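Peer 1: What shape does this take:
(2 chains)
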Amino acid sequence: MTMTQTSKIEKKNGMATRDAYGKALAELGAKNPKIIVIDGDLSKSTKTCFFGEKFPERFFNFGIGEANMIGAASGLAANGFIPVCSSFACFIMCKGYDQMRMAMAYSEMNVKVISSHGGISVGEDGVSQQSIEDFALAVSMPKFVVLNPADEFSTRALVFQSVDQHVGPVYMRTGRPAAPIIYDANQKFEMGKGIKLRDGKDVTIVATGLLVWEALVAHEQLKEKGISASVVDIHTLKPLDQDLIIREAKATGAVVTAEEHSNYGGLGSLVAETLTKHFPVPQEYVAVQDTYAESGKPAELLIKYGLTSKEIVQAAEKVTKRKRL
Amino acid sequence: MKKLGIREIEEKALLMRREIIRMIHKAQSGHPGSSLSATDILAALFFNEMKHDPKNPSWEDRDRFIFSKGHGVPALYAALALNGYLPVSELMTLRQINSRLQGHPDRRVLPGVEASTGSLGQGLSIGVGHALASRLLHKKFRTYVMLGDGECNEGQVWEAAMFASFHKLDGLSAILDYNKFQLDNSVKVVLDMHPMEEKWRAFGWAVMEINGHNMGEILAAFEWARNVKGSPQMIVAHTVKGKGVSFMEHNNHFHGVPPTDSEFKAAMAELGEPLGHPEEMKK
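Peer 2: Below is the predicted model of the structure:
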């Protein structure tokens, strides 16, 4: 069967989450004069250029030097500013990592790192510009909040909460391609609280970012196969909404995690950790399977590297068979 | 803080050296050589050059000191203690469990420590942030960053250097503790960066070279730095690793090795001090 036959939900693309971030940040700049934006010569791609155009006196282009960006942000934060640093996910996380560790996490500084170009849906630029390790690196730093919104509405809400309201280090990933709309303007979001999007009784799909849409499609496809799948959006990887995950595990007895990240150290690992501690149930992982991707169109890459509804459906079928009756 | 004169600062530097040796000996862990090479410059900063208030360590208008070469932190702890930021007796808790005196600076636990450092190369960037903040807040506070010579191997130092000069951060002064050694060996053997002055000039900094143990030269350099407009300043301070204890001078064994009991006695004798801690001896 094909997707058009089974998918009862209509796909409507919204803004890319990076665009939603850039717009929200520019909006927030008017509200909070303490926000300083720091970019590493990628502001047209990360979309901090919107803030830079509106507030040039609070926008600093640091050139291509991610380590210096994070260090300087720490010094600004020590003086009461709220620095927001942006670059591609792979560059800021990998080249700014020791600085995040020392000058943000260990120093307990109120610095925000909001990346664009997360995952492999970066596309044609290839592996050097893609990021499949950032969640693992970010969640291991003490007191870091780690966010991965799925669409423009969740992005806007989480930018406002994490930058304007939350005090402490934050890492947020946004993406390059247009993101399918999951929510509407009335949806309430709370950092640290997952959102249950579909009810189901046989298996729970726990998804994050771009894979939330694929999970909704998988829900419909599974219904055709007689499998009832609940769907949860985890926009906050840390602190993880353990209560929701445990509740779902108890209700359905099987979990599939789905993320645009390595199968090591991301959502799948975090969910597994919660389950083994509190309520072990079988789990399957839809993720990039310990490999790097390549150049290609975003949709082609998601298919080739197994990050679509098809793999979620397969994982759900497999995991329900593993359930102890 | 009252500004002390040259002789008084030199006396404070001697007291700092005694405390450095005493705390590292007590801890049987730490970096004596790198602490002693930085001592005179820190004494000049904390007893003369910087505006700061030990009773109000987070005073908004205080000058900032970022000790980027964090392994030399016993010198900073000694300067802070002799200024009243912490009891001098607390220096004896260096590197021990539950102590505020961590092996490398921890800004969360000890007032007066501006930045958590120890992973080399990061302090100048943090100083850039403070200098930018001073400008954005329309304040007059200055930012001082001490770098090690081995530390300048780190690429981040140069990222920060080019940013600071491009943005004309004249409220930022760096001091290079140029003691000519790094952990493994002499800088000439490991990775020679000579001529250091030309490198900083090429990055757009105003540069002055001094003898980092001559108090008159140190104070004059800070006065020069305060008056430079339009660019950050680098004071290249030629120093001696282990300065003040004859058998530690130019001796890289004492990069990260504490003195034995007999070395401790010999060092304290050279520094003209009885062996017990003065406050402990009072008991």
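Peer 1: Phi, psi for residue 208 please.
Peer 2: Reading this off chain A. Per-residue torsions, A:T208: phi -140, psi 150 (degrees, to the nearest 10).
Peer 1: wrong chain, I was asking about chain B
Peer 2: According to degrees, to the nearest 10, B:M208 has phi -130, psi 140.
Peer 1: what helices or strands is the strand ranked longest in chain A leaning on?
Peer 2: If you go by DSSP state E, chain A has its longest strand at strand A:255-262. When contacts are defined as 3 or more CB pairs under 8 Å, 6 or more residues apart in numbering or on different chains; DSSP states H and E, strand A:255-262 sits against helix A:134-139, strand A:203-207, helix A:211-224, helix A:242-252, helix A:267-278, strand A:283-288, helix A:309-322. From N, CA and C alone the C-beta is placed, and that goes for glycine too.
Peer 1: For the shortest one, which strands pair with it and how are they oriented?
Peer 2: Each strand paired with strand A:203-207, and its direction, by DSSP bridges: strand A:229-233 (parallel), strand A:255-262 (parallel).
Peer 1: May I have it as PDB, with CA atoms only?
Peer 2: Taking C-alpha atoms only, strand A:203-207 is exported to PDB below (Å, rounded to 0.1, in the frame of the first residue of the first chain):
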ATOM      1  CA  VAL A 203       2.400   0.800  21.000                       C
ATOM      2  CA  THR A 204       3.600   4.300  21.700                       C
ATOM      3  CA  ILE A 205       5.700   6.200  19.100                       C
ATOM      4  CA  VAL A 206       7.900   8.700  20.900                       C
ATOM      5  CA  ALA A 207       9.200  11.200  18.300                       C
END
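Peer 1: quick one, it and helix A:309-322 angle?
Peer 2: Calculated by axes from the mean of the first three to the mean of the last three CA atoms, to 10 degrees, strand A:203-207 forms an angle of 140 degrees with helix A:309-322.
Peer 1: Could you list the residues in contact with strand A:203-207?
Peer 2: The list of residues contacting strand A:203-207 from outside it, by CB atoms under 8 Å, 6 or more residues apart in numbering or on different chains, reads A:150, A:194, A:214-215, A:218-219, A:222, A:227-234, A:245, A:248-249, A:251-259, A:267, A:271, A:312, A:316, A:319-320.
Peer 1: From those residues, list the buried ones, please.
Peer 2: A:150, A:194, A:214-215, A:218-219, A:222, A:227-234, A:245, A:248-249, A:252-259, A:267, A:271, A:312, A:316, A:319-320 (16 or more other CB atoms under 10 Å in any protein chain shown).
Peer 1: Give me the phi and psi for whatever residue of chain A ends up closest to chain B.
Peer 2: In chain A, the residue that lies nearest chain B is A:G75 (2.0 Å; CB to the nearest CB). Main-chain dihedrals, A:G75, degrees, to the nearest 10: phi -60, psi -40.
Peer 1: what helix or strand is the spatially closest residue to B:L271 that is not a sequence neighbour on?
Peer 2: Using CB to CB, 6 or more residues apart in numbering or on different chains and skipping residues adjacent in sequence, the residue nearest B:L271 is B:R18, 4.9 Å away. Per DSSP states H and E, B:R18 falls inside helix B:6-27.
Peer 1: after that helix, next one along is what?
Peer 2: That would be, after helix B:6-27 and using DSSP H and E, helix B:32-44.
Peer 1: how much does that next one deviate in direction from helix B:6-27?
Peer 2: Using the same axes, to 10 degrees: helix B:32-44 against helix B:6-27 is 150 degrees.
Peer 1: Would you mind pulling up the elements that helix B:32-44 packs against?
Peer 2: When contacts are defined as 3+ CB pairs under 8 Å, 6+ apart, helix B:32-44 packs onto helix B:6-27, helix B:73-82, strand B:143-148, strand B:172-178, helix B:215-226.
Peer 1: Please put the alpha-carbon coordinates of that helix into CSV.
Peer 2: Extracted in CSV, the C-alpha atoms of helix B:32-44 (Å, rounded to 0.1, in the frame of the first residue of the first chain):
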residue,chain,number,x,y,z
PRO,B,32,54.3,25.9,42.0
GLY,B,33,56.3,27.1,39.0
SER,B,34,53.4,28.7,37.1
SER,B,35,52.0,30.3,40.3
LEU,B,36,55.3,31.9,41.2
SER,B,37,56.0,33.3,37.8
ALA,B,38,52.6,35.1,37.9
THR,B,39,52.9,36.4,41.5
ASP,B,40,54.3,39.8,41.0
ILE,B,41,51.8,40.7,38.3
LEU,B,42,48.9,39.5,40.4
ALA,B,43,50.2,41.5,43.4
ALA,B,44,50.3,44.6,41.2
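Peer 1: Give me the distance between the two termini of stretch A:162-182.
Peer 2: Terminal residues of stretch A:162-182 lie 20 Å apart, using CA to CA, to the nearest Å.
Peer 1: Against A:A30, how distant is the spatially most central residue of chain A?
Peer 2: Nearest residue to the geometric centre of chain A (CA atoms, centre = their mean): A:N148, 1.9 Å. Noted for A:N148: a distance of 26 Å to A:A30, by CB to CB, to the nearest Å.
Peer 1: swap in A:N186?
Peer 2: Taken as CB to CB, the span from A:N186 to A:A30 is 23 Å.
Peer 1: More neighbours: the two, which one.
Peer 2: A:A30 (11 against 6; other CB atoms under 10 Å in any protein chain shown).
Peer 1: And the more buried one, its phi and psi?
Peer 2: phi -70, psi -30.
Peer 1: Could I have the CA atoms of stretch B:233-250 written out in PDB?
Peer 2: Extracted in PDB, the C-alpha atoms of stretch B:233-250 (Å, rounded to 0.1, in the frame of the first residue of the first chain):
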ATOM      1  CA  GLN B 233      46.700  45.900  24.900                       C
ATOM      2  CA  MET B 234      49.100  43.000  25.400                       C
ATOM      3  CA  ILE B 235      51.700  43.200  28.100                       C
ATOM      4  CA  VAL B 236      54.300  40.600  27.300                       C
ATOM      5  CA  ALA B 237      55.800  40.000  30.700                       C
ATOM      6  CA  HIS B 238      59.100  38.100  30.600                       C
ATOM      7  CA  THR B 239      59.000  36.000  33.800                       C
ATOM      8  CA  VAL B 240      60.900  33.200  35.400                       C
ATOM      9  CA  LYS B 241      59.100  30.000  36.200                       C
ATOM     10  CA  GLY B 242      59.400  29.300  39.900                       C
ATOM     11  CA  LYS B 243      60.500  32.800  40.600                       C
ATOM     12  CA  GLY B 244      61.500  33.500  44.200                       C
ATOM     13  CA  VAL B 245      62.600  30.000  45.200                       C
ATOM     14  CA  SER B 246      66.100  29.400  43.800                       C
ATOM     15  CA  PHE B 247      65.900  25.700  43.100                       C
ATOM     16  CA  MET B 248      62.500  26.100  41.400                       C
ATOM     17  CA  GLU B 249      63.600  28.900  39.100                       C
ATOM     18  CA  HIS B 250      63.900  27.800  35.400                       C
END
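Peer 1: Next, the buried residues of it.
Peer 2: B:233-245, B:248-250.
Peer 1: cool, stretch B:174-185 as well?
Peer 2: B:A174, B:I175, B:L176, B:D177, B:Y178, B:N179, B:K180, B:F181, B:Q182.
Peer 1: Regarding it, how distant is the last residue from the first?
Peer 2: Stretch B:174-185 end-to-end distance (CA to CA) = 24 Å.
Peer 1: can you check stretch A:220-235 too?
Peer 2: End-to-end distance (CA to CA), stretch A:220-235: 21 Å.
Peer 1: For it, the averaged confidence score.
Peer 2: In this model, stretch A:220-235 has an average pLDDT of 98.
Peer 1: quick one: that stretch to chain centroid distance?
Peer 2: Computed by CA atoms, centre = their mean, to the nearest Å, the separation of stretch A:220-235 from the middle of its chain amounts to 20 Å.
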